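Q: What shape does this take:
(2 chains)
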Amino acid sequence: MNKKFHKLPDAKGHFGRYGGRFVPETLMPALIELERAYGKYKKDRNFLNELKSLQRDFIGRPTPLYFARNLTEHVGGARIYLKREDLCHTGAHKINNALAQALLARKMGKTRIIAETGAGQHGVATATGAALTGLECEIYMGSEDIRRQALNVFRMRLLGAKVTEVSIGSKTLKDAINEALRDWTTNVRNTHYVMGTVFGPHPYPAMVRDFQSIIGVEARRQILKAEQRLPDCLIACVGGGSNSIGLFYAFLKDDVKMTGVEAGGRGIRTGMHAARFAGGSLGIFQGCKSYLLQDSNGNVLGTHSVSAGLDYASVGPEHCYLRDIEKVRYTYATDREALKAFELLGRTEGIIPALESAHAIAEAVKTASKMSRKSIIIVNLSGRGDKDVQEVAGIKGINL
Amino acid sequence: MSRIEQVFKDLREAGRKALIPYIMAGDPSLEATKKFVSDLERSGADIIEIGVPFSDPLADGPTIQRASERSLQQGTTLKKVLALVKEIKQYCGIPLVLMTYFNPVFKLGVRRFIKDAVGAGVDGVIIPDLIPEEAAELTGPAGQYGLDTVFLLAPTSTKDRISKVAGVSTGFIYYVSITGITGSRLSMGKAMRDTLNSIKKASEKPVAVGFGISNPQEAARVAGLADGVIIGSAIVKRIAEGRDIKRFVRSIRKAV
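A: Residues are numbered from 1 along each chain as shown, chains lettered A, B, ... in the order given. Coordinates of the predicted model:
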């Protein structure tokens, strides 16, 4: 194994054969400017102090590492710990990145930030960061998602953001990203694009990873304090892959097993899923080279997942690399399994997880049951489930 | 010298500027595309750009996005466009350039794409989401097979970018006249003149200007500054509305 993998990406943003920059030339100066600014501010004491104090006082970090005693007893295997990103301000790990990028944008002298959103969590986090830093904010969202997530649309507007409907293509997250990239291409001089996950052109995959890596840094310290040893296994769901890389990154040099859980939707064979590793192939999409769900002519396929945050046709390039070197194993949980885990965690622990995080819980239950009672698993509980309550009620045929 | 370079050289010697119209292949059908190519050639086009539809055209504005959607609904693929070019080339005498996003090319296999494209008679390719740093896989073999690879510059381009892009672009350099996507409103200020001057200083390669040119007046002004004028959305819009494109292209021809 390459011992230096934790130093990736290379100077041009490659994680092995993945990543890079595949964007219109118009954006190149902005990406270079961002890369330089990020390179400067990630070592800047003032910037880091400001970020640190906001992480503590505004986001509420460190988030707890909670021993899920009831779930552990219910499963009867490994000890299951939950990293409580659901307790972050705005309800998910997304704020870790959105707030840091908003601060960076202000340092860079930008007056406006834009972002894409699927379920609305990243949109709400970005609108929150914009409100705090005094930047103008516009969020792109597919009309299909606007319909499904009316509550989050209103939250963004309450926070002072403009929410713009995208009604072309599949009218979902990928189309919102296309439109955000078009906006950025047009307004690049005064605007920063707050990409919500470890995807897109360099430096986004590395920068978003760094802003999320606090999850693993805290979890590593917390588990050493609680158990005087490292865990045997880490589990997190993978949409674009920011919460999972955020947890995994601090453990990459350790001898710890890691599992990323994609959305299996209605099953791989149905074609209605978002399991890029199980069903995709190498492709170039929205700024980088990665695994992609595409047809034989290179057009991007529609995806399906009960969880909007995992419902995306491609996956962060660093995950592809970690998979190739067998550092992380990738599997999937179906809609049905995720919904079961969603209810299980509520009943056993009194915590309603986001449907995204429920995919990780489903895998944790499977894995823990095969491990000894002395083993330790950390699951990233990336978000809370309030946003999904209406959706789940609908699936159960209950009219709220 | 490639056929595209020859066209620019001949025009330069005649004191004229290139007219480069763009149409989306398969919009509304591949049969119609054949007819449009003939119409464009007869209306005075020097080079024709043929768009390949893609599911996620992130450099394009609404007009070409919708054309791309219509074309995909017709079942248009990169392979079918290459077959179409092969047919067209039997009677069309001017260079044809494909404009495609990178993923369809990558999926087909870059080397195979180059061979098939050259075999079909394609003269050049423009890939709006491919920058020189990521293009070695394409430019190396394309050079060997004689396929021009046209790269883009923009109003935001710095000196570094200009010299990098001008160095690797072959056939011509595509200058994106606006900070934005295709079909946006053109603004021809001092910035455009300055950037064009910097490009001219960095390279002797011909420069064609596109994105946002929608009428003969704008075309005439751009022609005063560059070696060629590219018109896309304005033509694609007329096709979508079922209007005749010959008269429009002739009016641009006159202006250029």
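Q: quick one, phi/psi of the spatially closest residue to B:Thr76 that is not a sequence neighbour?
A: With sequence-adjacent residues excluded and distances taken as C-beta to C-beta, 6 or more residues apart in numbering or on different chains, B:Thr76 is closest to B:Gly26, at 3.1 Å. The C-beta positions use only the backbone N, C-alpha and C, and glycine is treated the same way. Main-chain torsions, B:Gly26, degrees, to the nearest 10: phi 80, psi 10.
Q: cool, and A:Leu252?
A: The phi and psi values for A:Leu252, taken as degrees, to the nearest 10, are phi -60, psi -30.
Q: is it true that it touches A:Val328?
A: No. Using C-beta atoms under 8 Å, A:Leu252 is not in contact with A:Val328, being 9.0 Å away.
Q: which secondary structure elements does the one helix or strand A:Ile361 maps to contact?
A: Per DSSP states H and E, A:Ile361 falls inside helix A:355-369. With contacts taken as 3 or more C-beta pairs under 8 Å, 6 or more residues apart in numbering or on different chains; DSSP states H and E, helix A:355-369 sits against helix A:69-75, strand A:233-237, strand A:257-265, strand A:329-334, helix A:335-349, strand A:376-381.
Q: quick one on the thing from earlier: surely the residue nearest to B:Thr76 and B:Lys79 touch.
A: No. Using C-beta under 8 Å, B:Gly26 is not in contact with B:Lys79; the gap is 11.9 Å.
Q: okay, those two: which has more neighbours?
A: Between B:Gly26 and B:Lys79, counted using other C-beta atoms under 10 Å in any protein chain shown, the more crowded position is B:Gly26 (27 against 15).
Q: residues touching that one, list them.
A: Contacts here follow C-beta atoms under 8 Å, 6 or more residues apart in numbering or on different chains; on that basis B:Gly26 touches B:33, B:53, B:70-72, B:74-76, B:80-81.
Q: separation between the spatially most central residue of chain A and chain B?
A: In chain A, the centroid-proximal residue (C-alpha atoms, centre = their mean) is A:Ser242; its distance is 3.4 Å. From A:Ser242 across to chain B, the span is 21 Å (C-beta to the nearest C-beta, to the nearest Å).
Q: Can you check what pLDDT the model gives that residue?
A: pLDDT, A:Ser242: 98.
Q: cool, A:Leu400 as well?
A: Note for A:Leu400: predicted pLDDT of 85.
Q: I'd guess it is in a helix, am I close?
A: No. Counting by DSSP: H, G, I helix; E, B strand; the rest coil, A:Leu400 is not found in a helix; it is coil.
Q: Now the stretch 1-150 of chain A against chain B: closest residue?
A: Closest approach of the stretch 1-150 of chain A to chain B (C-beta to the nearest C-beta) occurs at A:Thr26, with a separation of 3.9 Å.
Q: burial measure for the nearest residue to that residue once chain neighbours are set aside, as a count.
A: Nearest residue to A:Thr26, sequence neighbours excluded (C-beta to C-beta, 6+ apart): B:Ala154, at 3.9 Å. B:Ala154: 25 surrounding residues under other C-beta under 10 Å.
Q: gap between the two ends of stretch A:390-400?
A: 7 Å (C-alpha to C-alpha, to the nearest Å).
Q: Just the buried residues of that stretch, please?
A: A:391-392 (16 or more other C-beta atoms under 10 Å in any protein chain shown).
Q: contacts for it?
A: Contacts with stretch A:390-400, where a contact means C-beta under 8 Å, 6+ apart, come from A:148, A:151, A:306, A:339, A:342, A:355, A:385, A:389.
Q: looking at those, which has the most residues close by?
A: A:Leu355 (27 neighbours).
Q: can you pull the contacts of it?
A: Counting by C-beta under 8 Å, 6+ apart, A:Leu355 touches A:306-309, A:338-339, A:342, A:385, A:388, A:391-392.
Q: Return the closest of those residues with respect to A:Gly216.
A: Distance to A:Gly216 across the contacts of A:Leu355 (C-beta to C-beta) is lowest for A:Gly309, with 19.3 Å.
Q: Find the nearest non-adjacent residue to that closest one, please.
A: The shortest distance from A:Gly309 to any non-neighbouring residue, by C-beta to C-beta, 6+ apart, is to A:Glu356 (4.2 Å).
Q: the strands in the chain, which residues?
A: Let's take chain A. Using DSSP state E, the strands of chain A run over residues A:14-15, A:18-22, A:65-67, A:79-84, A:112-117, A:136-142, A:162-166, A:191-193, A:233-237, A:257-265, A:281-285, A:287-292, A:329-334, A:376-381.
Q: my question was about chain B
A: Ranges of strands in chain B, per DSSP E, are B:18-24, B:48-51, B:96-99, B:124-126, B:148-150, B:152-153, B:173-176, B:207-210, B:228-231.
Q: between these, which one is nearest to chain A?
A: Closest to chain A of the strands of chain B, according to C-beta to the nearest C-beta: strand B:152-153, at 4.5 Å.
Q: helices or strands up against the closest one?
A: By 3+ C-beta pairs under 8 Å, 6+ apart, strand B:152-153 packs against helix B:159-168, strand B:173-176.
Q: same thing but at 6 Å, please
A: If you count contacts as 3 or more C-beta pairs under 6 Å, 6 or more residues apart in numbering or on different chains; DSSP states H and E, strand B:152-153 packs onto strand B:173-176.
Q: Show me what the strand it packs on is packed against.
A: With contacts taken as 3+ C-beta pairs under 6 Å, 6+ apart, strand B:173-176 sits against strand B:152-153, strand B:207-210.
Q: number of nearby residues for A:Gly13?
A: Neighbours of A:Gly13 using other C-beta under 10 Å come to 26.
Q: what about the closest residue to it other than its chain neighbours, neighbour count?
A: Once flanking residues are discounted, A:Gly13 sits nearest to A:His202: 2.3 Å by C-beta to C-beta, 6+ apart. Per other C-beta under 10 Å, the neighbour tally for A:His202 reads 27.
Q: Can you pull out the low-pLDDT segments for the chain?
A: With no chain named, the answer covers chain A. Applying pLDDT under 70 to chain A flags residues A:1-6.
Q: oops, chain B please
A: In chain B, residues with pLDDT under 70: B:187.
Q: OK, now which residue of it is nearest to chain A?
A: Closest contact between chain B and chain A, by C-beta to the nearest C-beta, is at B:Lys107 (3.2 Å).
Q: which of the contacts of B:Gly26 are buried?
A: The neighbour count (16+ other C-beta under 10 Å) marks B:33, B:53, B:70-72, B:74, B:76, B:80-81 as buried among the contacts of B:Gly26.
Q: Kindly indicate which of the contacts of A:Leu355 lies nearest chain B.
A: Among the contacts of A:Leu355, and counting by C-beta to the nearest C-beta, the member closest to chain B is A:Ala308, at 18.4 Å.
Q: How about the residues of chain A by chain B?
A: Contact residues (C-beta under 6 Å from any C-beta of the partner chain) of chain A with chain B: A:12, A:20, A:22, A:24-26, A:28-29, A:168, A:178, A:181-182, A:185-186, A:283-284, A:297-300.
Q: Drop the exposed ones from the residues you listed and show what's left.
A: A:20, A:22, A:24-26, A:28-29, A:168, A:178, A:181-182, A:185-186, A:283-284, A:297-300.
Q: Residues of the stretch 51-200 of chain B that sit close to chain A?
A: Within the stretch 51-200 of chain B, the residues that sit near chain A (C-beta under 6 Å from any C-beta) are B:55-56, B:58-59, B:65, B:77, B:102-104, B:106-107, B:128-129, B:133-134, B:152, B:154, B:156, B:158, B:161, B:180-181.
Q: Can you tell me the closest non-neighbouring residue to whatever residue of the stretch 151-300 of chain A ends up closest to chain B?
A: Among all residues of the stretch 151-300 of chain A, A:Gly298 sits closest to chain B, at 3.2 Å; criterion: C-beta to the nearest C-beta. Of all residues not flanking A:Gly298 in the chain, B:Lys107 sits nearest, at 3.2 Å (C-beta to C-beta, 6+ apart).
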